[in-house]
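Novice: Generate a structure from the sequence data that follows.
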Amino acid sequence: MYIDNHCHIFSEYYKDIDRVIKEANDNKVNVLVLSGCSKKDILEGLEIIKKHKNVYMTIGFHPDEVDNTNDEDISWLENLIKTNDKIVGIGEIGLDYHWVKDNKDKQIELFEKQLQLAEKLNYPIVIHTRDATDDTIKILKKYQLKGIIHCFSGSIETAREYLKLGYNIGIGGVITFKNTNLKETIKEIPIEKITLETDSPYLAPTPHRGEDNSPKYIPLIAEEIAKQKELSTETVEKITSSTSISLFDLHIQ
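Specialist: The predicted structure follows:
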């Protein structure tokens, strides 16, 4: 059994969500964790997780949502978490300085409010960080939290910083790309600290690069990790799934 820890399986991207989930199950990806990081996606995700027994969701406000979010929305997140046991974490939250750099203070404020909520509720977090590594690490050091660094593609030095803070490293399709430095970095990350994710519909692994991604491709990511770490694919499957179950306290049916 595989777990896709991070996917955006919403109607904005897929015509037939039931089919996407069935295809994942047919490929041993029996558990999905949706990432609801806008009000729209969270509301749709609530219906999806109600319908599908082994589909869960993390909720939070992506840094792109900084201008659409206020304190009432943070309270809304808290209420949803307290009343729905299929919401298993807070995320994806974080910092993104790639496209917009003039709202850093507002991004940091939103990030910290959600970290404070995670600390209050003792919930794991899923971190989005793009061109913002130094600020992300600096802020995370202020909190005693656990979670996943989503879609990691950085250096071993950066990975070590996150590992020292107790975070797991989320690995997706980038590990299969021909010229990625992640192939070397992954060799230094303990398998017990790795979780698998697709970030569907983005970042489809080779040989599907350029297509819409799908949770059914998780085994391709596992196979490449196994190759680079000189482990069996079954070992990667078993250990990464165990890590995810423990982190998110999943009660799989």
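Novice: so how far is residue 234 from residue 201?
Specialist: Taking CB to CB, to the nearest Å as the measure, residue 201 falls 28 Å from residue 234. Bear in mind the C-beta positions are built from the backbone N, C-alpha and C, glycine included.
Novice: Comparing these two, which shows the higher neighbour count?
Specialist: With neighbours defined as other CB atoms under 10 Å, residue 201 and residue 234 compare such that residue 201 has more, 18 against 10.
Novice: can I assume that one sits in a helix?
Specialist: No: the assignment for residue 201, made by DSSP: H, G, I helix; E, B strand; the rest coil, is coil rather than a helix.
Novice: quick one: contacts for it?
Specialist: By CB atoms under 8 Å, 6 or more residues apart in numbering, the residues touching residue 201 are 8, 13, 14, 212, 213, 214.
Novice: Count residues in the vicinity of the fourth one, would you?
Specialist: It refers to residue 212. Residues near residue 212, counting by other CB under 10 Å, number 12.
Novice: how about the nearest residue to it, chain neighbours excluded?
Specialist: residue 201 (4.4 Å; CB to CB, 6 or more residues apart in numbering).
Novice: Give me the contacts around the longest helix seen in the chain.
Specialist: As assigned by DSSP state H, the longest helix anywhere in the chain is helix 104-121. Residues outside helix 104-121 that contact it (CB under 8 Å, 6+ apart): 60-61, 63, 65-67, 69, 71, 74, 77-78, 81-82, 90, 93-97, 123-125, 135, 139-140, 142-145, 147.
Novice: Of those, grab the buried ones for ChimeraX.
Specialist: Only the buried entries of the contacts of helix 104-121 go into this ChimeraX selection, using 16 or more other CB atoms under 10 Å:
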select :60,61,63,65,66,69,74,77,81,90,93,94,95,96,97,123,124,125,135,139,140,145,147
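Novice: just the helices in the stretch 1-150 of the chain please.
Specialist: 17-26, 39-51, 71-83, 104-121, 133-140 (DSSP state H, counting those that start in this stretch).
Novice: mind putting these in CSV, distance to residue 250 and mean pLDDT included?
Specialist: Output for the helices of the stretch 1-150 of the chain, formatted as CSV (distance: least, CB to CB, whole Å; pLDDT from 0 to 100):
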stretch, distance to residue 250, mean pLDDT
helix 17-26, 15, 98
helix 39-51, 12, 98
helix 71-83, 15, 97
helix 104-121, 17, 97
helix 133-140, 23, 97
